[in-house]
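kindly generate the corresponding structure for this input.
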Amino acid sequence: MEQIRIVKEMRAADVERGRTARFIRPRFMAWENVPGAFSSGSPKGEDFRIVLEEICKISGYPVHVPRPHAGPWQFAGRIRVGDSFSLAWRVMDAQHWGLAQRRARIFLISDFGGLTAPKILFEPESLPGYPAPGPGTGQAPATPSGGGAEGPGGADGVCHAHPRHRPGNSVCGNPE
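Below you'll find the predicted structure:
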């Protein structure tokens, strides 16, 4: 919550300086935590739901983020509000990134000025430093735990409510 407070204050200061839309800083926010955040709080998973909702509030949109209807939070998901805010989360394990240990973490990215958060987490070739494999290299990009957004870790329908009647808004657990 301290990180959220700091981001709100930084963005408010930029608005006071006359910045607008995509030029308000910071545009992006990254959050990392252990997968236990999916089940902490009472009822289970409430803490993660609150984190998602508070980050959405930074964007200026009053969004209610419901907990999953049945079962735990999925290992990958995204929230999109119109064309000006996106948030995505994904569980990744250190063993798939060159470390000799299993250490799963939730990574969450929010884009307060556009729709790039899911691209950052779900399309490795869109990031500098992670080029797509070339022909004949015998190498493939590392795959995070859970099989990606469409595999066992992600599924349709984590969240089914829509933010306050704005066209083009969606909240779900299956990244586009």
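
distance of the residue nearest the centre of the chain relative to R103?
Centroid-nearest residue in the chain: A88, 2.0 Å away (criterion: C-alpha atoms, centre = their mean). Computed as C-beta to C-beta, to the nearest Å, the A88 to R103 distance reads 20 Å. Glycine gets a C-beta too; all of them are placed from N, C-alpha and C.

how about the helices in the chain?
Applying DSSP state H to the chain gives helices spanning 2-16, 46-58, 117-122.

counting by contacts, list what the longest one packs against.
Using 3 or more C-beta pairs under 8 Å, 6 or more residues apart in numbering; DSSP states H and E as the contact test, the elements touching helix 2-16 are strand 28-33, helix 46-58.

give me the angle between the longest one and helix 2-16.
For helix 46-58 against helix 2-16, the angle by axes from the mean of the first three to the mean of the last three C-alpha atoms, to 10 degrees is 10 degrees.

where does the prediction get shaky in this protein?
125-176 (pLDDT under 70).

still on that earlier bit, closest to R78 out of the helices of the chain?
For R78, the closest of the helices of the chain is helix 117-122, at 4.8 Å, according to C-beta to C-beta.

and the closest one, C-alpha only, in CSV?
The C-alpha trace of helix 117-122 is given here as CSV (Å, rounded to 0.1, in the frame of the first residue of the first chain):
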residue,chain,number,x,y,z
ALA,A,117,0.8,-4.3,-19.5
PRO,A,118,-0.3,-7.6,-21.0
LYS,A,119,2.3,-7.3,-23.8
ILE,A,120,5.1,-6.8,-21.3
LEU,A,121,4.2,-10.0,-19.4
PHE,A,122,2.9,-12.2,-22.1
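
could you say what helices and strands it packs with?
By 3+ C-beta pairs under 8 Å, 6+ apart, helix 117-122 packs against strand 76-81, strand 85-93, strand 104-111.

including distance to M10, could those go into a markdown table?
Putting those into a markdown table (distance: least, C-beta to C-beta, whole Å) gives the following:
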| stretch | distance to M10 |
| --- | --- |
| strand 76-81 | 20 |
| strand 85-93 | 16 |
| strand 104-111 | 14 |
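
just name the most buried of the ones you listed.
Most buried of the helices and strands packed on helix 117-122, by mean neighbour count (mean count of other C-beta atoms under 10 Å): strand 76-81, with a mean of 26.

could you give the angle of that one to helix 46-58?
Using the same axes, to 10 degrees: strand 76-81 against helix 46-58 is 30 degrees.

mind putting the helices and strands packed on helix 2-16 into a markdown table with mean neighbour count and distance to A21?
Formatted as a markdown table, these follow (neighbours: other C-beta atoms under 10 Å; distance: least, C-beta to C-beta, whole Å):
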| stretch | mean neighbour count | distance to A21 |
| --- | --- | --- |
| strand 28-33 | 15 | 14 |
| helix 46-58 | 18 | 14 |
